[in-house]
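Colleague: predicted model, plus sequence, below.
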Amino acid sequence: MAEEESEGTAKASGKRIFVNHVDCYTGKNIGKYLAHAIVGSSLEEVEEEEDTASVISDGLPPKDGTYKIIGTMKNPNRAKPDWVHEVIDFPEKEQMLEHLAECDIVVYDITGDSDQIDEATWAVSALHAEIERFESPKMFVLISTIMSWAKSKPVDPDDTEIPFTEEDYRRRKPHPNFKPHISAEKLVIKLGKTNKAKFVTYVVAAGLVYGAGENIFHYLFKTAWHGEEDALQCFGNGMNVLPTIHVKDLAAVIQNIADSRPKTRYLLAVDDSQSTLEEIVKCVSSNLGNAKVKHITKEEALLDKILEQSNFDQLLANLRMDGVYIKENMNIRWVSERGLLENISSIIQEYKTTRQLLPMRACVLGPPAVGKTSIVAALCKHYKLHHILIKDVINEAIEALEKSAARAEGDENEDDDGKAQEDQELLDSIMESKEQNNGRIEDQYIIRFYRDKLHSMPCQNQGFILDGFPKTIDQAKELFAVDDEEEQEEGSKVPVYDKATMPEWVISLEAPDEFLKERVMNLPENVVAGTHNTEDGLLRRLVEFRAVNEEDSTVLNYFDELEIHPTHIDVSKELPDKENMNTNLVENTIKTMGNPRNYGPTREELDEKEKMETEKKLKKENEEREERERREAEESALRQQREMEWSERLEEVKKQEQELLENQSIPLRNYLMKHVMPTLTQGLIESCKVRPDDAIDYLAEYLFRNNPQVD
């Protein structure tokens, strides 16, 4: 009775479970799963829908009675995830051990970071040394990799297709680069045999983990999503079988171990698939890319440094494995039991959602010469979207039809004869239509080209911006119509439309005719030549545009009815600065559309941006230095000029003063020459003759006696 009460209390309060690196792929997804899993729920038989809602609730806060996640973070500068109860960050192992000992279950993943092998072996050894002090039973789970089996000999040399099971784990031989992993596995199993009542250990050899934002297969998904490569690369012949498991299914295995404490200590965590590397690459390429695959040698792959060595080794593994125990004895609500290939659609959607790779769709409309194309080009560059221009769409479609039709004449591809023949007939009807309509293609063909383009994989992955199309309500209705008629929601007045191609934003650029005429008139001749932007061409296009865009018949009304309300921008009023007109328009539109939904800038783009910023900074510094030097030179020249002027003025003043002094001294000089100098001269002569002892006194007496002015 007491045991039942204690179990109920533990279930209500939730167990403490340690997970290392909760900010990395495996730790994050397992920790998040367990944070929303009610303790003991894997032991109960529940309805599938109920369980899915209660256990896999990524966006909701943890419920009462769920596992409390205690963990470490590889990057301690990151913010603590909401579903993590506590983050441990102690450099000293003694402090770390105290927190580990407080946890009921310790889970260490060594598949993502080889540095964690030493920490995991220390943790299990340190906990084992503290067994006698445990107040309650503890569990240690090591998540390892099937690479510890990579060099194992077949179960039956005569039948290599017989899969390995948990019972064969003593025969496993590791890949040379994964010997530390098998050493850690053996240590964990060994230490779990000492006192199973107090300390039990498990090793889970996981297949190549996929799902969520992807990890080891991320290079495939990312390359296919971008669509920039001609084909997805497959290493070697691709015939090697890869054991795999979805990361949430791996988390479910850990949950079952935590809840049920199985007797089997070594478990294989793999799904039912026996897919080869080539099959996986083809599947991703077909459902996310252009369906093309290119085989490259292992040496070429290593030289390209596409993957880290450990991931490369795993992708070249060739193992057939069957997780018998988890299938027969565990209550797992599988997310992807049959493997990646069978569930590729949901896995791709999960990948896009997790990484926020949601397509952005917009439409920019407006009269001719208002600046749609230049603005759309700038927006596409900023958001990395596809610029959908009517001329390009038609040219690409015609070119594709011509290539396909050319195959109809040959016999090299018999399987494609039907498609090639259809394309030839379509091409003939288009050319006939052009001849009957003075070189113009009918709307039905243009709409078909557009629909094919918008449903293409690149447009569905990254998104697109429509440039000046559709022009009429009828075109819009046909362009965004659904292929199969769907039942409209009861009570909804909004018409049914194709959600995969309908723009999220509609930008209407507006300007009066006079403004547009003036704008075209100011264009250089070399820009206008060969385009519709001549005076006559502009007038004709303006008349056509105004005719189909009257107040009641404008295509904008179509979007308004769908509650996709257009953003109206009056180019002539809002942007008086003609030089920065497009820049301001693009910035305003970016504010409307928000942040990009892609991988962000690549390393090359970041380097280019940094280079441009550096060049801009250097240019600004050079300009500032040149401006400073120019000012200093001007100030120096002005100072020298002022100094010269001052010197000249000073000399002139001195000269004038000298002349003034000389003029003022003439009367005194004359007086001295007439009245003083004769007597003084005679006195000096007499002094020389007499040679008195005091010549000065004698001269003074002489001058006094012989002063002509004294009677």
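Modeller: Everything's here; your move.

Colleague: ok, residue 702 - contacts?
Modeller: Neighbouring residues of residue 702 by CB atoms under 8 Å, 6 or more residues apart in numbering: 682-683, 686-687. The C-beta positions use only the backbone N, C-alpha and C, and glycine is treated the same way.

Colleague: brain fart, residue 457
Modeller: By CB under 8 Å, 6+ apart, the neighbours of residue 457 are 227, 288-290.

Colleague: quick one: which of those is nearest to residue 629?
Modeller: residue 227 (51.0 Å; CB to CB).

Colleague: quick check, that closest one in contact with residue 456.
Modeller: No - with contact defined as CB atoms under 8 Å, residue 227 and residue 456 do not form a contacting pair (9.1 Å).

Colleague: spatially nearest residue to residue 515 (excluding sequence neighbours)?
Modeller: Ranked by CB to CB, 6 or more residues apart in numbering and with sequence neighbours excluded, the top spatial neighbour of residue 515 is residue 572, at 4.2 Å.

Colleague: now whichever strand or helix holds the one you found, how far from the centre of its chain.
Modeller: Residue 572 belongs to helix 571-574 when assigned by DSSP states H and E. Relative to its chain's centre, helix 571-574 lies at 34 Å (CA atoms, centre = their mean, to the nearest Å).

Colleague: got the contact list for it?
Modeller: For helix 571-574, contacts defined as CB under 8 Å, 6+ apart pick out 370-371, 509-512, 515, 581, 584-585, 588.

Colleague: how about the strands of the stretch 401-550 of the chain, start to end?
Modeller: In the stretch 401-550 of the chain, the strands defined using DSSP state E, counting those that start in this stretch lie at 463-467, 505-510.

Colleague: these into CSV, with extra columns for mean pLDDT and mean neighbour count?
Modeller: As requested, these are exported to CSV (pLDDT from 0 to 100; neighbours: other CB atoms under 10 Å):
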stretch, mean pLDDT, mean neighbour count
strand 463-467, 94, 25
strand 505-510, 92, 20
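
Colleague: switch the ones you listed over to TSV; also include distance to residue 344.
Modeller: Listed next are these as TSV, based on distance: least, CB to CB, whole Å:
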stretch	distance to residue 344
strand 463-467	21
strand 505-510	30
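
Colleague: right, and these - which one's nearest residue 269?
Modeller: Here strand 463-467 is closest among the strands of the stretch 401-550 of the chain (CB to CB), at 36.7 Å.

Colleague: direction included, what does that closest one pair against?
Modeller: Here strand 463-467 is paired, per DSSP bridges, with strand 360-365 (parallel), strand 386-389 (parallel).

Colleague: quickly compare those and say which is most buried.
Modeller: The highest mean neighbour count among the strands paired with strand 463-467, using mean count of other CB atoms under 10 Å, belongs to strand 360-365: a mean of 24.

Colleague: how about the helix or strand just after it: buried residues?
Modeller: Remark: after strand 360-365, the chain's next helix or strand is helix 372-383, criterion DSSP H and E. Neighbour-count burial for helix 372-383, counted by 16 or more other CB atoms under 10 Å, picks out 372, 375-380, 383.

Colleague: quick one: average pLDDT of helix 372-383?
Modeller: Here helix 372-383 scores 91 as its mean pLDDT.

Colleague: that'll do, ta.
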